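okay, here's the prediction I keep looking at, along with the sequence it came from:
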Amino acid sequence: MITRDQAIELDQNDPLNKFVGQFVRTDPNLCYLDGNSLGRLPKKTIENLNNFLLNEWGAELVNGWVNWIDEAQQVGDLLGAAALGSKLGQVLVADTTSVNFYRACKAAIQARPNRKTVIIDEANFPTDRYVLQGIADELKLNLVTIQNDIKTMDGKYSESNELITPQVLETYLNEDVALVTFSVIQYRSGALNDIRQLTELVHRFGSLVVWDASHAVGVVDLQFDKNNVDLAIGCTYKYGNSGPGSPAWIYVNKKLQNEINMPIQGWFAQKDQFIMGSQFERANGMRGFQIASPSILGLRCVKTSFELIQEATLKLISQKAAIGTNMMIEIFDERLKPLGFKLATPRDSQMRGGHISIHHKDAEKIARGLRVDKNVIPDYRVPDCIRLAISPLTNTYVEIWDGMDRIAEYVKSGDFHKIGEPKTSVT
Ligand SMILES: Cc1ncc(COP(=O)(O)O)c(C=O)c1O
């Protein structure tokens, strides 16, 4: 098993180590293993936001809009180039992941008007399942849900890691399918679906795919253009480090931009926006998919963080994620497996992103106790999952090593049994 000294050596040779100090760290003893949920605050964001408040909003007032008006597309281009493998003119940064998911799905379904089936999987993130249920009800569609959820509380442990395989998907596809939607990384198990293979398969049946890349953006080297992705959406607050509730993004491949329409026709999508005409006429390019005034404050957070990601490169970021998650799995095998944990994440580093997921019957208590008693922040997901992440720009290897060490010692001690009842429903 990898030793602590070896983790220190990994840090010494880490080309991304110089980024760690560029993020706010108020407690040097904290092991923060939850960058897959909310990333750390870049110091530069504080400076850039202060400048924006004082020198732009404060000083320029409404005149500032001359400079801000196209910022959702400009930051979209940056994010697309830095993290999505997207050429210019295909990404917008605006609104929330859920809203972008709704409009991407609705647009795809309406581009296949004679088809009545939509497909999702049970292991997908709740908002995606709920939004699609709503669309299916509204448009009277046949909603098919692939059953790939890991159910461990009832004693049944699925070895599938929630992965969607082409073999399984093919059995659901036919000429009635308008839309298929999956997450790039399964939010709970951490398994990485094969975008290229699955997209290609769905295209053979003439359907479109919407990918939710929330758990992949900023940690997996996504190649949307190369993989012929149709539409994709995702957040910026996880490995994107852009802050709680920061604006989300939407990718619309150029080949589809004239074929699809967004369900909400806001004034930012209007061809000559400030002519204020009586009829909607869609602007060309990504601007035609923007609904409304973007949060410029939020965009500045996204811009600052994705400039860091661009500088670091997804090649090095994804390499560090693979080394860090390998290290976690080694420590898991040696010290956590004997304590009753099970691994939900694929062992092949090409089949995961930045987090691993481990099951334990007392996961909720352990995850809560670690925060209180051990200064480790993991995250917990029902029914029995603890997710542990390496966020390559913000974590050192030794922080991950220490976190895993504290988890093993804590569970061995049994002290988590003494932790009381939860004081909040937020996990
Ligand atoms: C995979 C995935 N999709 C969608 C969402 C929902 O995001 P939002 O609340 O930003 O709409 C999340 C939130 O964590 C997520 O993990």
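Right, received. Where do you want to start?

mind giving me the domain ranges of this structure?
Per the record, the chain has its domains at 4-32+313-418, 49-312, by automatic domain parsing.

looking at those, which is nearest to the ligand?
Ranking these by proximity to the ligand (C-beta to the nearest ligand atom) places domain 49-312 first, at 3.4 Å. From N, CA and C alone the C-beta is placed, and that goes for glycine too.

export the domains of the chain to CSV and tack on mean neighbour count?
Output for the domains of the chain, formatted as CSV (neighbours: other C-beta atoms under 10 Å):
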stretch, mean neighbour count
domain 4-32+313-418, 19
domain 49-312, 19
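
residue 83 touches residue 218, doesn't it?
Yes - judged on C-beta atoms under 8 Å, residue 83 makes contact with residue 218 at a distance of 5.5 Å.

hey, what's in contact with both of the two?
Listed contacts common to residue 83 and residue 218 are 240, 306, 309, 314; contacts here mean C-beta atoms under 8 Å, 6 or more residues apart in numbering.

excluding chain neighbours, give the residue nearest to the last one in space.
Put plainly, it is residue 314. Nearest residue to residue 314, sequence neighbours excluded (C-beta to C-beta, 6 or more residues apart in numbering): residue 221, at 4.3 Å.

Three-state assignment for that neighbour, please.
coil (DSSP: H, G, I helix; E, B strand; the rest coil).

residue numbers of the protein in contact with the ligand?
Counting by C-beta under 6 Å from any ligand atom, the positions of the chain adjacent to the ligand are 96-98, 125, 127-128, 183, 187, 212, 214-215, 235, 248.

right, and out of those residues, which lies closest to residue 320?
residue 215 (16.4 Å; C-beta to C-beta).

strands of the chain, residue ranges please.
Secondary structure of the chain by DSSP state E: the strands cover 31-32, 91-93, 117-121, 142-146, 177-183, 208-212, 231-234, 249-252, 342-343, 355-359, 376-377, 379-381, 385-389.

ok, which of these comes nearest residue 9?
Comparison of the strands of the chain against residue 9 by C-beta to C-beta identifies strand 31-32 as nearest, at 18.7 Å.

what does that closest one rub up against?
Applying C-beta under 8 Å, 6+ apart, the external contacts of strand 31-32 come out as 40, 375, 376, 377, 391, 394, 395, 399, 400, 402, 403, 406.

any idea how far the residue nearest to residue 314 is from residue 316?
10 Å (C-beta to C-beta, to the nearest Å).

again, but for residue 299
25 Å.

average pLDDT for stretch 7-16?
What stretch 7-16 shows for mean pLDDT is 98.

next one: that stretch to chain centre, how far?
When distances are taken as C-alpha atoms, centre = their mean, to the nearest Å, stretch 7-16 is centred 26 Å away from the chain's centroid.

quote the end-to-end distance of that stretch.
Terminal residues of stretch 7-16 are spaced 14 Å apart (C-alpha to C-alpha, to the nearest Å).
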